[in-house]
Structures are given as structure tokens and as C-alpha cells.
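S.K.: sequence and predicted structure are below.
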Amino acid sequence: MTELGLYLSRKSVNRSDVARKTGISKTRLSELSNNSSTKLRADELYLIALAIDVDPCEVLKEVCKELNLVSEN
């Protein structure tokens, strides 16, 4: 499961509602939640955050928590 999938599960999000509110298909939401090679677009992240009534930055921080800057040493 992807970080987005884990986040949506923790929030007990109904993916059918998210699909209806955002226009993102249930198939696409399933791919984003289960397939780590599927890339989440910024517009999708924003719409998902709006649909579940959370700050988009919260979703972004959760989904991208593994990313770090490269040190210049």
C-alpha cells in the first residue's frame, strides 16, 4: 500500500465519496492507494484533500515524508 493509501485508511476515507466529489475515478484512486509506481499529480492531491476536508499540506507531508534534501558535503 502507498503512503496515500495508508493515510486514507487511517482517516477512514470512503473512496467512492472521494471519487464522486473529485471526478477522480475509483480505479485511479485504487492505483494511487495500492501501486507505489503510480505517480500522484499535484491536482489530484489537492482535490483529494478538499474532498476529505483536510489541509492539502497535511496530505503532502504524509505522502512525501520519505523525501529528503541531498546534503552538499
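M.R.: Structure's in. What do you need?
S.K.: now Ser30: which helix or strand?
M.R.: Assigned by DSSP states H and E, Ser30 falls within helix 26-34.
S.K.: in that helix, what's buried?
M.R.: Buried residues in helix 26-34, counted by 16 or more other CB atoms under 10 Å: Arg28, Leu29, Glu31, Leu32, Ser33. Where C-beta positions appear, they are placed from N, C-alpha and C, glycine not excepted.
S.K.: try stretch 10-28
M.R.: Under the neighbour-count criterion of 16+ other CB under 10 Å, stretch 10-28 has Val13, Arg15, Val18, Ala19, Thr22, Ile24, Arg28 buried.
S.K.: ends of that stretch, what's the gap?
M.R.: Between the opening and closing residues of stretch 10-28 lies a distance of 19 Å (CA to CA, to the nearest Å).
S.K.: now that stretch: how far from the chain's centre is it?
M.R.: The offset between the C-alpha centroid of stretch 10-28 and the centroid of the whole chain comes to 10 Å, using CA atoms, centre = their mean, to the nearest Å.
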